[in-house]
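S.K.: Could you work out the structure for the sequence below:
(one chain, ligands or ions: 1)
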Amino acid sequence: MIIGTRGSQLALAQAENVARLLKAQGVETSLKIIKTSGDRFTDRPLHAVSGGVGAFVRELDDVMLAGEIDIAVHSMKDMPTIRPATLPTAAVLKRDTPFDILLTYDGTPLDELPEQSIIGTSSLRRAAQIKRYRPDLITQDLRGNIDTRLRKLKEGKYDGILLAKAGLERLGWELEGEILSPDFFCPSPNQGTVAVVTRAGTEAEAVVSRLDHTDSRIATEIERILISELGGGCTTPVGSYAEITPDRKEIHVRAEVLSLDGEESVRIDEFIPMLGGLEEATELGHRLVEMGGRKLAEDALLQLSGNSCGPDNLYD
Ligand SMILES: NCc1[nH]cc(CCC(=O)O)c1CC(=O)O
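M.R.: Okay, the predicted model is just below:
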């Protein structure tokens, strides 16, 4: 079976991991690198690439529908909410660390960074959250793969950069950094989770489904439901994080929407029962709208003028 992947180091590490997991099940695979348009326009902020981050995913969908690959591996947080029914997510892998990490040039913790320190991030959510927490800091756009981002930090172009911890873990980088609490830095929906897509009804679907991790699937679904009513239609500052309690009786849900400058935000933070959790999450999603969440998301979208986002709900 052929696993299709983007060529970035992170995408390759994720695809190689799926190959390893399948091999342990006795399934041999080979990797095929697919170059997507998102990889070609690395000079623009992500939210300004046509179709948003979802463009990467759609191009792999096309290659899979054409039969060139059997399995596609994605960072789940980059996947649009609406998916073709013929391309099911056969497995949601066990989640890695869902939180963001701050790496600073000289190891200074967030609370001790001098005023006007420059923080690099490509995520509107992280920028808004950091400005809310430390309005005296300056955020600057930071694109490129993880290597490029780390190089820019080392060169002193930034005093600190924000990344998903999971990306560093998957690349095997063990760097000193500060894990940011979801109480102040609610992660992007599905951050830290890898999804494996196949064509429906195939042998690939059957073998990949053995890799599915139930609690990660439940948590990621809840996270999507929580923010599904917000609209905005694009990359807006939204976080959503669901954590199943150790006794598996409850789910701790957090979700928030911020203005781009981080000055305004609405937030929910509750425990819901595991049984009937999807309905409760739907209710909470409506509450987030009533609290003004949709207004904030739409305002953010209006301010991001000049970009041409697709109809996807992509938040990071
Ligand atoms: N938006 C890019 C992206 N997509 C997935 C990850 C990291 C891995 C993950 O969250 O699963 C990253 C990099 C980052 O946010 O720092």
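
S.K.: And stretch 96-110, what's buried?
M.R.: With burial defined by 16 or more other C-beta atoms under 10 Å, the residues of stretch 96-110 counted as buried are 96-105, 110. Just so you know, the C-beta spots here come from the backbone N, C-alpha and C atoms, and that holds for glycine as well.

S.K.: Inside strands: which ones of those residues?
M.R.: 100-104 (DSSP state E).

S.K.: Leaving out sequence neighbours, find the closest residue to residue 160.
M.R.: In this structure, residue 160 finds its nearest non-sequential neighbour in residue 104, 4.1 Å apart by C-beta to C-beta, 6 or more residues apart in numbering.

S.K.: I'd say residue 1 and residue 71 touch.
M.R.: Yes: with contact defined as C-beta atoms under 8 Å, residue 1 reaches residue 71; the gap is 5.9 Å.

S.K.: between the two, which one's more packed in?
M.R.: Set side by side, residue 1 and residue 71 show more neighbours around residue 71, with 29 against 17, by other C-beta atoms under 10 Å.

S.K.: Look up which residues are beta-bridged to the more buried one.
M.R.: residue 3, residue 198 (DSSP bridges).

S.K.: got the contact list for it?
M.R.: 1-4, 18, 29, 196-198, 204, 208 (C-beta atoms under 8 Å, 6 or more residues apart in numbering).

S.K.: make it 10 Å
M.R.: 1-5, 15, 18-19, 22, 27, 29, 31-32, 64, 90-91, 196-199, 202, 204-205, 207-208 (C-beta atoms under 10 Å, 6 or more residues apart in numbering).

S.K.: Show me what from the stretch 1-150 of the chain comes close to the ligand.
M.R.: Contacts of the stretch 1-150 of the chain with the ligand, taken as C-beta under 6 Å from any ligand atom, map to 75, 77-78.

S.K.: Walking through the stretch 151-300 of the chain, point out its strands one by one.
M.R.: Using DSSP state E, counting those that start in this stretch, the strands assigned to the stretch 151-300 of the chain run over residues 160-164, 178-179, 194-198, 238-244, 250-258, 265-273.

S.K.: Among the ones in strands among the buried residues of stretch 96-110, which one lies nearest to the ligand?
M.R.: Set against the ligand, the nearest of those by C-beta to the nearest ligand atom is residue 100 (7.7 Å).

S.K.: ok, back up a step: dump the ones in strands among the buried residues of stretch 96-110 into a markdown table; add pLDDT and distance to residue 181 as well.
M.R.: Formatted as a markdown table, those follow (pLDDT from 0 to 100; distance: C-beta to C-beta, whole Å):
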| residue | pLDDT | distance to residue 181 |
| --- | --- | --- |
| 100 | 98 | 10 |
| 101 | 97 | 11 |
| 102 | 98 | 11 |
| 103 | 98 | 16 |
| 104 | 97 | 17 |
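
S.K.: any idea which of the residues of the stretch 1-150 of the chain next to the ligand has the most stuff around it?
M.R.: residue 75 (26 neighbours).
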